[in-house]
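>>> please find the sequence and the predicted model below.
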Amino acid sequence: MMKTEKIIKQHKVVWTVLILASCAFALMPDIALAGTGGKEWGGLWTMAKDWMQGDFGRFLSAFFAITGIAAGIVRQSLMTFAGMVGLSIGLYNAPTIIESLMTATLSYVEHVLPLIPLGNGLITM
């Protein structure tokens, strides 16, 4: 008997519950509440964004660059300096990237929908 078959037989109850739970979640998509709340964390996000893109972020970026220069001199390699400069750029641009990813909505769907062929092409709208 193979090892995977032995594991499945030993944990038959766990696999059964896992499969039943997966089926239940697949059949009930109307209870999904992702992205429908979270306004209470807005102040924290604004504070973190102001820190990263304000004077504190500039200070950290300069600190990372100086640390990169020092580590580059000690190691005699430019890669540490390049890594720290990349960290500085990432620190400043992280809020913009995160907001772009998390606030992606379907606001342009009416403009894009005619461009996407839905169906087999026999039905026209």
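Thanks, I have it.
>>> pLDDT below threshold where in the protein?
Scanning the chain for pLDDT under 70 picks out 1, 29-38, 104-125.
>>> helices of that one, start to end?
Under the criterion DSSP state H, helices of the chain are mapped to 3-10, 12-27, 42-53, 55-75, 79-102, 109-112.
>>> now render those helices as CSV, adding mean neighbour count.
Heads up, the C-betas are built off the backbone N, CA and C, glycines and all. Formatted as CSV, those follow (neighbours: other Cβ atoms under 10 Å):
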stretch, mean neighbour count
helix 3-10, 10
helix 12-27, 10
helix 42-53, 13
helix 55-75, 14
helix 79-102, 14
helix 109-112, 8
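>>> may I have the phi/psi pair for L78?
phi -80, psi -10 (degrees, to the nearest 10).
>>> distance check, the closest residue to it other than its chain neighbours against F59.
In space, and not counting its chain neighbours, L78 is closest to G72: 5.7 Å by Cβ to Cβ, 6 or more residues apart in numbering. Separation of G72 from F59 (Cβ to Cβ, to the nearest Å) stands at 20 Å.
>>> dump the residue contacts of the residue nearest to L78.
Counting by Cβ atoms under 8 Å, 6 or more residues apart in numbering, G72 makes contact with 78-81.
>>> which one of these sits closest to D50?
If you rank the contacts of G72 by distance to D50 using Cβ to Cβ, F81 comes first, at 27.6 Å.
>>> would you agree that closest one is in contact with A71?
Yes - contact criterion Cβ atoms under 8 Å: F81 and A71 qualify, at 7.3 Å.
>>> for T46, give its distance to L101.
17 Å.
>>> hang on, I meant A70
34 Å.
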